[in-house]
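> kindly return the folded structure for what I paste below:
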Amino acid sequence: MIAKANRYGPYLGLEGDFGLERLPKRSHTSHDRTGHGVWARPEDELPLESNGDYTREIGYLKFANYTANISDDSSHDNLLNNIWYQPEEVFPINGTPEQREHAFWVSVDPLYFEISKKLEGLVLEGCINSTTCLSTTPKVTIVQRGTSAIIYIDNAAYRSFIYYKFNVSPVDIESASVALICLQQRKSFIIIRAFSDLVGGGSADSNEADTFTSLAANNSVLVLLEFIKHLSN
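Numbering: from 1, shown residues only. Modelled structure (predicted):
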């Protein structure tokens, strides 16, 4: 079926999604999957909850409820113990049938990565309207690694953890799925994301995704079109 669809190709496949986290617009060298839920700051309304995307009706897990061995002179322990990160199982199209491989990091295409460097000077939109603008000038930035999880992460402590543990800057929900399919099919890919908010909040008041999602979407299209122009040349 794939061969039939590609008969008149080659084609450039585009996958777009704009509900994501910022840690500036970024392109990166490799992507992984580190974990569907929301991990949020205490007492805050969930990101995009007002849009109906996420809810607090089902319930939540409070890690502190499982803390053990508490005393005035001892450090706190926790019965949840450890979460161990695992690689994904991959069955490459050109591999041995029914013989799995494992992948945690998936590298982007080197040519696409070099092309993306030409986009770093691209001017992006910084305002929703005359009164609502980003606090800093948005820019296209190359990073070493990105990650995806089926948890919507809005927790500053976890942001710091994955940065220092895995050298990960951007985190989203979707990109690793694209990367893993491209790995399985042996297809070239690169991830270009437009970030609407900072994990754990750039503001003490609320998550910025509700405000800047549309701006991120517009900037994503700008960068993507510019990338295609360079690719065609």
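
> can you confirm residue 230 is in a helix?
Yes. Judged by DSSP: H, G, I helix; E, B strand; the rest coil, residue 230 forms part of a helix.

> for it, which non-adjacent residue is closest in space?
Nearest residue to residue 230, sequence neighbours excluded (Cβ to Cβ, 6 or more residues apart in numbering): residue 115, at 4.9 Å. All C-beta spots, glycine's among them, are computed from the backbone N, C-alpha and C.

> swap in residue 108?
Leaving aside its chain neighbours, residue 108 sits nearest to residue 190 (4.5 Å; criterion: Cβ to Cβ, 6+ apart).

> and the residue nearest the centre of the protein?
In the chain, the centroid-proximal residue (Cα atoms, centre = their mean) is residue 172; its distance is 2.1 Å.

> before we move on, back to that, wasn't the residue nearest to residue 108 part of a strand?
No. Counting by three-state DSSP, one finds residue 190 to be coil, located in no strand.

> can you count the residues close to residue 58?
The tally of other residues near residue 58 (other Cβ atoms under 10 Å) stands at 6.

> my error: substitute residue 15 in the last question.
11.

> what are the ranges of the strands in this structure?
Taking DSSP state E as the criterion, the chain carries its strands at 25-33, 37-39, 67-68, 77-78, 88-90, 101-103, 106-107, 140-148, 151-153, 171-172, 192-193.

> where does pLDDT dip in the chain?
1-3, 5-6, 16-29, 31-37, 39-43, 59, 61, 65-66, 68-81, 202-207 (pLDDT under 70).

> brilliant, that's me finished.
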